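In: Only the shape, not the letters, is given here:
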């Protein structure tokens, strides 16, 4: 079955450490997204990518980095510059022409819960 | 801001009752989408309604859109305990991607 796989499900980060969250999709979707969700809050967009080798900053990109070397993969690195990284991270993908990514529904992964220890 | 605002923030009903939640927005839209999120899980797409549509149905779900009032409502009929979740509206506006609201937490009790 097609879908999005996020790993790991739980991740613990020490102070000053970079960590990478994995997101893989086999839906043949062009666009992929990373969102952050804090307890009881909505989703805030970190980065998104409309095509391979291209990505754009979202609303809260500081302290995060991404790459899009393959259509299927969009890993997110939480760097030591992100001072408050504890949150639930959601990856999503969609069809949609560039510039109109709202035209289709998004498919979400099951999330990665990151905790700073 | 293109962000939708859901109302109420939390809703508690008994099984069998109908649940209605609302989403208001401030800008023009191309479409509005509703998603469900079970606790600790990802979001699931429920319905997409385009700006030229007024009502859509999917099983026990009914979505209405009033562009003159810049609002949408999601009605879940004959609620079940399994409907317990958070529900988000997402705005497909003039920006290139969706903007999500803060959600309504629905609790359906037996």
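Out: Perfect, thanks for sending it. These numbers come from a predicted model, not from an experiment. Numbering: from 1, shown residues only, chains lettered A, B, ... in the order given.
In: only C-alpha atoms for contact and neighbour calcs from this point on.
Out: Noted.
In: From chain B, how far off is the residue positioned nearest the centre of chain A?
Out: Among the residues of chain A, the one closest to the centroid is residue A:34, at 2.4 Å (CA atoms, centre = their mean). According to CA to the nearest CA, to the nearest Å, residue A:34 stands 12 Å off from chain B.
In: what comes into contact with the helix or strand where that residue lies?
Out: Following DSSP states H and E, one finds residue A:34 within strand A:31-37. If you take CA atoms under 8 Å, 6 or more residues apart in numbering or on different chains as the criterion, strand A:31-37 is touched by A:43-51, A:74, A:76, A:87-96, A:101.
In: Buried among those residues? Make that a PyMOL selection.
Out: Remark: buried members of the contacts of strand A:31-37, expressed as a PyMOL selection using 16 or more other CA atoms under 10 Å in any protein chain shown:
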select buried, chain A and resi 43+44+45+46+47+48+49+50+51+74+76+88+89+90+91+92+93+94+95+96+101
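In: Can you tell me which of the contacts of strand A:31-37 end up in helices?
Out: Of those, none are assigned to helices by DSSP state H.
In: Would you indicate which residues of stretch B:6-14 are buried?
Out: B:6, B:7, B:9, B:11, B:13.
In: any chance of these in TSV, with pLDDT, distance to chain A and secondary structure too?
Out: Formatted as TSV, the buried residues of stretch B:6-14 follow (pLDDT from 0 to 100; distance: CA to the nearest CA, whole Å; DSSP: H, G, I helix; E, B strand; the rest coil):
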residue	pLDDT	distance to chain A	secondary structure
B:6	90	10	strand
B:7	91	13	strand
B:9	94	10	coil
B:11	97	14	strand
B:13	97	19	strand
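In: beta partners for residue 49?
Out: All of this is about chain A. residue A:32 (DSSP bridges).
In: sorry, should have said chain B
Out: Assigned bridge partners for residue B:49, using DSSP bridges, are residue B:32.
In: residues touching residue 66, list them.
Out: All of this refers to chain A. A:47, A:55, A:74, A:75, A:76, A:77.
In: my bad, chain B
Out: Taking CA under 8 Å, 6+ apart, we find residue B:66 in contact with B:54, B:72.
In: Identify the residues contacting residue 75.
Out: In the absence of a named chain, this looks at chain A. When contacts are counted by CA under 8 Å, 6+ apart, residue A:75 is found next to A:20, A:21, A:22, A:23, A:66, A:67, A:68.
In: try chain B instead
Out: For residue B:75, the contacting residues are B:18, B:19, B:20, B:21, B:60, B:61, B:62, B:63, by CA under 8 Å, 6+ apart.
In: okay but the last one is in contact with residue B:71, surely?
Out: Read it as residue B:63. No: in this structure residue B:63 lies outside contact range of residue B:71 using CA atoms under 8 Å: 10.7 Å.
In: neighbour count winner among those two?
Out: Between residue B:63 and residue B:71, counting by other CA atoms under 10 Å in any protein chain shown, residue B:63 is the more crowded of the two (24 against 18).
In: beta partners of the more buried one?
Out: Residue B:63 has these beta-bridge partners by DSSP bridges: residue B:56, residue B:74.
In: Nearest spatial neighbour of residue 24, chain-adjacent residues omitted?
Out: Chain wasn't specified; assuming chain A. Leaving aside its sequence neighbours, residue A:24 sits nearest to residue A:73 (CA to CA, 6 or more residues apart in numbering or on different chains; 4.6 Å).
In: think we crossed wires, I meant chain B
Out: residue B:71 (4.3 Å).
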